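>>> predicted coordinates and the sequence they were generated for:
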Amino acid sequence: MNDAASLAPASELAQRNGVTFPNESADYRAARTALLAKEIELRRQIERVAAQRRSLPVGGEVKGDYRFEGEEGPVDFAGLFGDKQTLVIYSYMFGPQRERPCPMCTSLLSAWNGEANDIGQRVALAVVARSPLAKLLAYKAERGWRDLKLYSDLNQAFSRDYHAIAEDGSDMPGFNVFTRRDGTVRHFWSEEMGPTTADPGQDPRGAPDPMPIWSILDATPDGRGTGWYPKLQY
């Protein structure tokens with residue numbers, strides 16, 4: 001990321017844009033140019049936050065007795081990395097008490113399935129849930145997920161330690177990143193934005209939001225709407 005002092009002002013870049021669309025008014029163009037400047041500022045803030053994230057001190061060493069079962073059999077925590085040095089784990093809200101999984105998680109993972117092979121070029125991606133593997137794989141087949149790797153948390157130790165189980169025993173979503181450096185596995189970062197950090201009138205969500213659906217709806221006149229969430233079937 002370039003130093004902020006070396007960057008042209010966002011308003012100046014917006015003025016350079018030069019794009020217009022058929023039959024738009026001068027008022028529309030002026031407002032759109034002002035918005036473009038804010039979008040440029042947002043992009044720069046995203047880059048600043050990402051740089052700050054990358055510069056975090058080392059996280060806690062992973063020492064728990066974590067056991068999983070995937071399509072190729074039992075695997076320990078280190079085995080989830082495969083040949084990669086970075087591991088992304090999504091904790092899927094599909095515990096044994098559920099007949100069907102969380103619709104919001106499912107919407108997210110459906111999008112990630114389409115990106116899984118691209119993500120896998122750089123990092124390992126694993127989806128962990130507490131239900132038995134057969135149940136997870138049956139739903140994976142129903143959903144048509146070809147490229148996501150699903151794992152059952154056999155002893156639920158990982159889910160407990162990394163906040164994927166609420167106090168009442170229900171599921172919580174989780175998005176955690178781990179590293180393996182010089183043979184030591186450590187926690188790097190976790191999505192920590194949720195209900196306690198949400199602003200009034202907004203869904204509790206991360207920033208940037210990992211769900212593409214919201215990025216698309218945020219670009220529309222009515223935005224995300226209220227009282228609407230993804231469904232498992234339509």
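Yep, that arrived.
>>> for A5, helix, strand, or coil?
Using DSSP: H, G, I helix; E, B strand; the rest coil, the structure places A5 in helix.
>>> could you chop the chain up by domain?
1-54, 67-190 (automatic domain parsing).
>>> just for the protein, where's the confidence low?
Applying pLDDT under 70 to the chain flags residues 1-4.
>>> what ranges do the strands span in it?
Remark: strands assigned in the chain by DSSP state E are 67-70, 73-76, 86-91, 124-129, 150-153, 174-181, 184-190.
>>> can I get those in TSV with distance to T220 and mean neighbour count?
The way it works is simple: take the backbone N, C-alpha and C, and place the C-beta from them, glycine included. TSV is the format used below for these (distance: least, C-beta to C-beta, whole Å; neighbours: other C-beta atoms under 10 Å):
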stretch	distance to T220	mean neighbour count
strand 67-70	38	19
strand 73-76	42	13
strand 86-91	26	22
strand 124-129	29	24
strand 150-153	32	23
strand 174-181	25	18
strand 184-190	30	15
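>>> can you redo those strands as TSV with distance to Y162?
Output for the strands of the chain, formatted as TSV (distance: least, C-beta to C-beta, whole Å):
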stretch	distance to Y162
strand 67-70	13
strand 73-76	15
strand 86-91	7
strand 124-129	9
strand 150-153	10
strand 174-181	5
strand 184-190	7
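>>> now the domains of the chain as TSV including distance to D203?
Formatted as TSV, these follow (distance: least, C-beta to C-beta, whole Å):
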stretch	distance to D203
domain 1-54	19
domain 67-190	9
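>>> centroid residue for the protein?
By C-alpha atoms, centre = their mean, the chain has its centre lying nearest to P210, at 3.7 Å.
>>> what sits against it?
Counting by C-beta atoms under 8 Å, 6 or more residues apart in numbering, P210 makes contact with L108, F175, E191.
>>> rerun at 6 Å
Contact partners of P210, counting by C-beta atoms under 6 Å, 6 or more residues apart in numbering, are absent.
>>> state the distance from it to M93.
14 Å (C-beta to C-beta, to the nearest Å).
>>> repeat that for L148.
15 Å.
>>> quick one: the helices in this protein, in order.
10-16, 26-54, 103-119, 133-143, 157-161, 212-217 (DSSP state H).
>>> most tightly packed of the ones you listed?
Greatest average neighbour count among the helices of the chain goes to helix 157-161 (a mean of 18), per mean count of other C-beta atoms under 10 Å.
>>> can you list contacts of that one?
Contacts for helix 157-161 (C-beta under 6 Å, 6+ apart): G64, D65, Y66, R130, D153, I165.
>>> show the buried residues in those.
Buried members of the contacts of helix 157-161, counted by 16 or more other C-beta atoms under 10 Å: Y66, R130, D153, I165.
>>> list the contacts of the third one.
Listed by C-beta under 6 Å, 6+ apart, the contact partners of D153 are V128, R130, S159.
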